[in-house]
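In: any chance you can model this:
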Amino acid sequence: MNIIVVGTGMYVCGRGTYGYGTVMPAILEWSRSHEIGTVCIVGRDPRAVKAAKTRIDELKRKMGVSLSVRYFPEGEANDKSYKRAMREAGWPSCAIVAVPDKLHKDVASEAIEQGLHTLVVKPLVATVKDALELVRLQDENGVYCAVEFHKRYDQANLMLKDAIAQGKIGDPLYFLAECIQRKSMPTKIFSKWARITNIFQYLGIHYVDIVYFATKATPVRAMAVGQKNWLLSQGINTYDSVQATIEWKMPSGKRFTSCILTNWVDPESTSAMSDQKIKVIGTKGRFESDQKKRGVTIVTDARGVEEPNPYFSAPSGPDGKVSYSGYGIDSIHQFLNDAVRVERGEVKVKDLEEKRPTFRQSIVPTAVLEAVNKSLSGGGRWIAIKKV
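Out: Predicted coordinates for the structure are as follows:
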């Protein structure tokens, strides 16, 4: 299996952070037990590609893994280097797309049309029209396509899903989720594209998917308001915070509401890059999950107080070489394993539709996202969500 990774940023190799990201640690870990042909890392700016190569070479040494990696572009800056990489990839191949939201449709479309199994970081796209177009392309080309909704693999969220399915908390009445990130996300790490997205689209979409995943409810309508204060004062025209309310209808016909509160202006002195939690109130009980406080605190002179998540993408090295594990790693491994099984004829793409966060499954979160964005631009009015 050849793997094309489109993107050279934080999630791919940890650019702008102390770590090495999630995508490359997952691929290198997977290579310990699976045969990989060539990994292609594709960017736009040769300087960013060079920086990615430095980090990936460091990671390979730390993990003790030898792997053939090719980098694009090889010369001057090129927005379309991914097309060349995909056409030269050879067969069988898959693509992992980790670029800004607005590029997802174009890059994923090219990958699908080249016959590549494709994984896209969230959100898939911002409109139902684009999501349906990608599903159509997938069906026409017979490839497997999924969205990297890694929170579906978090044991805490799987416990939530089971609690609802088993009726432990009764009929859901409301979900309350809060997702917060540091100011450095929009001002430094994502400074080049923070203006063309918003914090709900980038981060809140995770919890839209978790509500859908846990309940299989249908979204009925959505409304949202947001504030542009601090980031606007920094010359970045995007929302500091977005608060969205979504009404859902269960398969039983009963309704509940989810309130998702998001911001990315948390102080840099906070103990984790992300502070996330979810609470569900039902007619027979409640479920609460603090998804930042995972029981580990590190205090040092150099970096102050840190609360790392040991269950997401955690390095460990009991044998002297670093290994990675966690639900972020599991999410990418699941996609790679599924792509191999599809290639071998062990499973059909349609058999994965109800089991994975596929493009088709992602139409529902996309419909909510589109309604939330319409409400934001429409003064906070309720937007009806058509059943797709």
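In: contact partners for Met250?
Out: By C-beta atoms under 8 Å, 6 or more residues apart in numbering, Met250 lies in contact with Asp171, Pro172, Thr215, Ala217, Phe256. (C-beta placed from N, C-alpha, C; glycine too.)
In: same question for Glu353.
Out: The neighbourhood of Glu353, defined by C-beta under 8 Å, 6+ apart, consists of Arg360, Gln361.
In: where exactly do the strands run in the stretch 151-300 of the chain?
Out: 172-182, 218-227, 241-249, 255-266, 274-282, 286-290, 298-300 (DSSP state E, counting those that start in this stretch).
In: distance to Lys374 and mean neighbour count for those strands - can I get that in a markdown table?
Out: Listed next are the strands of the stretch 151-300 of the chain as a markdown table, based on distance: least, C-beta to C-beta, whole Å; neighbours: other C-beta atoms under 10 Å:
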| stretch | distance to Lys374 | mean neighbour count |
| --- | --- | --- |
| strand 172-182 | 21 | 21 |
| strand 218-227 | 8 | 20 |
| strand 241-249 | 11 | 22 |
| strand 255-266 | 16 | 21 |
| strand 274-282 | 25 | 19 |
| strand 286-290 | 30 | 16 |
| strand 298-300 | 43 | 9 |
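In: looking at the contacts of Met250, which one is closest to Lys386?
Out: Closest approach between these and Lys386, by C-beta to C-beta: Ala217, at 15.4 Å.
In: which one is that closest one nearest to, not counting chain neighbours?
Out: Trp248 (3.9 Å; C-beta to C-beta, 6 or more residues apart in numbering).
In: isn't the one you found up against Ala222?
Out: No: the pair Trp248 / Ala222 is not scored as a contact, 9.7 Å apart, by C-beta atoms under 8 Å.
In: rewinding a little: name whatever forms a beta bridge with the residue nearest to Ala217.
Out: Assessed by DSSP bridges, Trp248 has beta-bridge partners Pro219, Phe256.
In: which of the contacts of Met250 lies closest to Thr297?
Out: Pro172 (32.3 Å).
In: the nearest residue to the closest one once chain neighbours are set aside: what's it in contact with?
Out: Excluding the flanking residues, the one nearest Pro172 by C-beta to C-beta, 6+ apart is Phe256, at 4.3 Å. Going by C-beta under 8 Å, 6+ apart, Phe256 touches Asp171, Pro172, Leu173, Tyr174, Phe175, Thr215, Ala217, Glu247, Trp248, Met250.
In: export these to CSV and tack on distance to Trp91 and pLDDT?
Out: CSV is the format used below for those (distance: C-beta to C-beta, whole Å; pLDDT from 0 to 100):
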residue, distance to Trp91, pLDDT
Asp171, 49, 97
Pro172, 45, 98
Leu173, 51, 98
Tyr174, 49, 98
Phe175, 43, 98
Thr215, 39, 97
Ala217, 40, 97
Glu247, 46, 98
Trp248, 42, 98
Met250, 44, 96
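In: any idea how far Val364 is from the closest residue to Thr358 other than its chain neighbours?
Out: Of all residues not flanking Thr358 in the chain, Ala146 sits nearest, at 5.2 Å (C-beta to C-beta, 6+ apart). To Val364, Ala146 is 14 Å away according to C-beta to C-beta, to the nearest Å.
In: try Gly253
Out: Gly253 sits 17 Å away from Val364, going by C-beta to C-beta.
In: between the two, which one's more packed in?
Out: For Gly253 versus Val364, neighbours defined as other C-beta atoms under 10 Å are more numerous around Val364 (24 against 6).
In: report the contact partners of that one.
Out: Shown in contact with Val364 (C-beta under 8 Å, 6+ apart): Tyr212, Thr218, Pro219, Val388.
In: ok, now Val143?
Out: Here Val143 is in contact with Ile112, Gly115, Leu116, His117, Thr118, Val342, Val349 (C-beta under 8 Å, 6+ apart).
In: quick check: pLDDT value at it.
Out: If you check Val143, the pLDDT there is 97.
In: what about the contacts of Val143, which one has the most neighbours?
Out: The most neighbours of any of the contacts of Val143, using other C-beta under 10 Å, belong to Thr118, which has 31 neighbours.
In: that one contacts Ala98, doesn't it?
Out: No: with contact defined as C-beta under 8 Å, Thr118 does not reach Ala98; the gap is 11.7 Å.
In: can you pull out the helices in the protein?
Out: Using DSSP state H, the helices of the chain run over 10-13, 23-30, 46-63, 81-87, 104-113, 128-141, 155-165, 184, 199, 205-215, 230-233, 327-344, 363-377.
In: among these, which comes closest to Lys279?
Out: Judging the helices of the chain by C-beta to C-beta, what sits closest to Lys279 is helix 155-165, at 10.1 Å.
In: can you state the direction angle for the closest one and helix 327-344?
Out: Counting by axes from the mean of the first three to the mean of the last three C-alpha atoms, to 10 degrees, helix 155-165 lies at 80 degrees to helix 327-344.
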